[in-house]
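Engineer: here's a sequence, model it:
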Amino acid sequence: MEIMEMKKKDLPNATAVLVLGILSLVFCWCYGFVGLVLGILAVAIASGPRRAYLEHPEEYTEASYKNLSAGRVCGIVGICVALAVVAFVILMILGVTALGVGSALMLG
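Structural biologist: The predicted model follows:
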């Protein structure tokens, strides 16, 4: 009998998803839109390889799936924080504008 060893391969783009997810967390605080875009990219790119792993887990390494999952989670958290930062900035701009308009009305 011939024993065939199947070498497991890494999931495609697992490292890229991890890097994008981490960068979305880094940039979501100061550059809200950049973190938002990077998070969306991480989640979008992760969907195909994740589906492939769930269909055929015996073909891929578990380490690459863990990297993919970690990048996806970082991307989701980055999206949430970036949306909160963007909403805060918009509210601050609206508040400062309203304060300026209100004080202009009071003076004149």
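Engineer: how far does the helix or strand bottoming out on mean pLDDT in the chain sit from its chain's centre?
Structural biologist: Least confident helix or strand of the chain, by mean pLDDT, DSSP states H and E, is helix 62-107 with a mean of 89. Counting by CA atoms, centre = their mean, to the nearest Å, helix 62-107 is centred 13 Å from the centre of its parent chain.
Engineer: what is that helix packed up against?
Structural biologist: helix 14-27, helix 32-55 (3 or more CB pairs under 8 Å, 6 or more residues apart in numbering; DSSP states H and E). All C-beta atoms are positioned from the backbone trio N, CA, C, and that covers glycine.
Engineer: so what angle separates the directions of it and helix 14-27?
Structural biologist: 20 degrees (axes from the mean of the first three to the mean of the last three CA atoms, to 10 degrees).
Engineer: which one of the helices and strands packed on helix 62-107 is the most hemmed in?
Structural biologist: Comparing the helices and strands packed on helix 62-107 by mean neighbour count (mean count of other CB atoms under 10 Å), helix 14-27 comes out on top with a mean of 21.
Engineer: list of residues touching that helix?
Structural biologist: 34-36, 38-39, 41-42, 45-46, 49, 64-65, 67-68, 70-75, 77-79, 81-82 (CB atoms under 8 Å, 6 or more residues apart in numbering).
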